[in-house]
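>>> Here's my sequence, what's the structure:
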Amino acid sequence: MRILQIAPVIGPGTGVGAVAHHLEQEWCAAGHQVGRFTMDDARGSWLPEPGPGMRGKLALMARVVWFSTVGSLLARRELRRHPDVVALCHNDVLAGDVYVNHGILQAAMRSRGSYGLRMLRNPMHLFVAARDTLRYRSAIHQAVVNLVDEEDSALRATYPRLRPRTVTIGNGVDVGRYRPPTTSERTAARRRLGLTDDDVALLFVGHEFERKGLPAVMHALALLPARFRLIVVGGTPDMVQDAGRAADRLGLSDRVILLGQVPDPREAFHASDVFTFPSAYESYGLVVLEALACGVPVVATPVGCVPEVLHDGIDGYMTSADPGALARAVRDLAGLDRSALATAARAVAEEHSWHEVSQSYLRLFESLHHPGSTGPTTSINPAPLRTKGETA
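Take a look at the predicted model:
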């Protein structure tokens, strides 16, 4: 089968781009030809990378608008050259046989309150809402993949005139890369972060501190004994500074370890005892599976994949974002057998390997109708696809 994935960036550790990366690896290993359409192919490599402050927000807006408009035109032209290819779109572009719903903007804004104000004060929100209204009400895509059933329901509620058919296929986790640490790995990781044997290390990973609940985690930490400490991974430099000031106000400056963005979060997982994730909204929440794969029990709100993977008292707890509730759940987990929790967490993660996910996508692709070819896997003198490592 010939598959083309569409995303601004494709690679490990890049959020949505990591999903495309893992699918690419699985499909290539199975003998399929997998190509890429990224920002480079959309001739947007000249655009600045997003960063902190207003300049960073403007850079992000420019990239989203460019990939949604110019990227859509060029992707459609590319697909006309490859009528036999099955195209899977992950971000922005209005093209492709299948679109993966990695999040509904309106649902995310409503989950945080002040919906109208949040939409109106950010022009990019209005642009994305208009773009996706066109996406879901038209025949651009044959199918939409939702990551959990709850997201399928949210999509239909947000877009009552939804035209493509929908299916649910969850994300996977790289259970080879994300694994429980050895005793020496855990000891070394904790030593590098300044943790003692008696410390109970909470972990938060995310680039949107407010939506994903970092303020609630900090307030919960203030309710816990001094031996409970918090590791925070992610965030822009200005967000990290704000979080540091918040920790100071709560009297937690010596109990909160702010790492910022790191190229590899595994050491933080290996050093931790509990992963905290009181997010207001998630289309899936892959980081939850990554924590479980590392043997770290999770305390999280029931969003995204959480209701499907967490079992109270076995591999974590589902709770509200109320700091008191979070503190109670963390304290309860700290009193349970850590080895049993780690074993149960790992077992759940192993049920969500990328191999199984990639096979579900292939079954979906086989069901698609491809005019102009005798089937999604057949081609006569096909034009070459750009694959990993090739320039646009």
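>>> Every contact and neighbour count from this point should use C-alpha atoms.
OK.
>>> which residues make contact with stretch 118-129 from outside it?
Residues external to stretch 118-129 that are found in contact with it (CA atoms under 8 Å, 6 or more residues apart in numbering): 61, 65, 105-106, 109.
>>> Could you do stretch 143-155 as well?
97-102, 104, 107, 164-171, 283-284, 304-305.
>>> Can you flag the buried ones in the residues you listed?
Buried subset of those (neighbour count, 16 or more other CA atoms under 10 Å): 97-102, 104, 107, 164, 166-171, 283-284, 304-305.
>>> These in strands, which ones?
Of the positions in these, 98-101, 166-168 sit in strands, assigned by DSSP state E.
>>> okay, these in JSON lines with distance to residue 369 and pLDDT next?
Below are these laid out as JSON lines (distance: CA to CA, whole Å; pLDDT from 0 to 100):
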{"residue": "98", "distance to residue 369": "11", "pLDDT": "98"}
{"residue": "99", "distance to residue 369": "15", "pLDDT": "98"}
{"residue": "100", "distance to residue 369": "18", "pLDDT": "97"}
{"residue": "101", "distance to residue 369": "20", "pLDDT": "96"}
{"residue": "166", "distance to residue 369": "15", "pLDDT": "97"}
{"residue": "167", "distance to residue 369": "16", "pLDDT": "96"}
{"residue": "168", "distance to residue 369": "19", "pLDDT": "95"}
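>>> List every C-alpha atom in the regular element (helix or strand) spanning residue 363, with coordinates, as CSV.
Using DSSP states H and E, residue 363 sits in helix 354-366. What follows is helix 354-366 as a C-alpha-only set of coordinates in CSV (Å, rounded to 0.1, in the frame of the first residue of the first chain):
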residue,chain,number,x,y,z
TRP,A,354,1.7,1.2,17.9
HIS,A,355,1.6,-2.0,16.0
GLU,A,356,-2.0,-2.7,16.9
VAL,A,357,-2.9,0.9,16.1
SER,A,358,-1.2,0.8,12.7
GLN,A,359,-3.2,-2.3,11.8
SER,A,360,-6.5,-0.6,12.6
TYR,A,361,-5.6,2.3,10.2
LEU,A,362,-4.7,-0.2,7.5
ARG,A,363,-8.1,-1.9,7.8
LEU,A,364,-9.7,1.6,7.5
PHE,A,365,-7.7,2.4,4.4
GLU,A,366,-8.7,-0.9,2.8
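>>> for the record, mean pLDDT for that helix?
Average pLDDT, helix 354-366: 95.
>>> same question, stretch 210-221
96.
>>> residues of it that come out buried?
Buried, per 16+ other CA under 10 Å, within stretch 210-221: 211-221.
>>> Pick out the most distant pair among the residues you listed.
Distance extremes for the buried residues of stretch 210-221: the farthest pair is 211 and 221 at 17.9 Å, using CA to CA.
>>> pLDDT of stretch 331-341, averaged?
94.
>>> now that stretch, how far from the centre of its chain.
From the chain centre to the centre of stretch 331-341 is a distance of 27 Å (CA atoms, centre = their mean, to the nearest Å).
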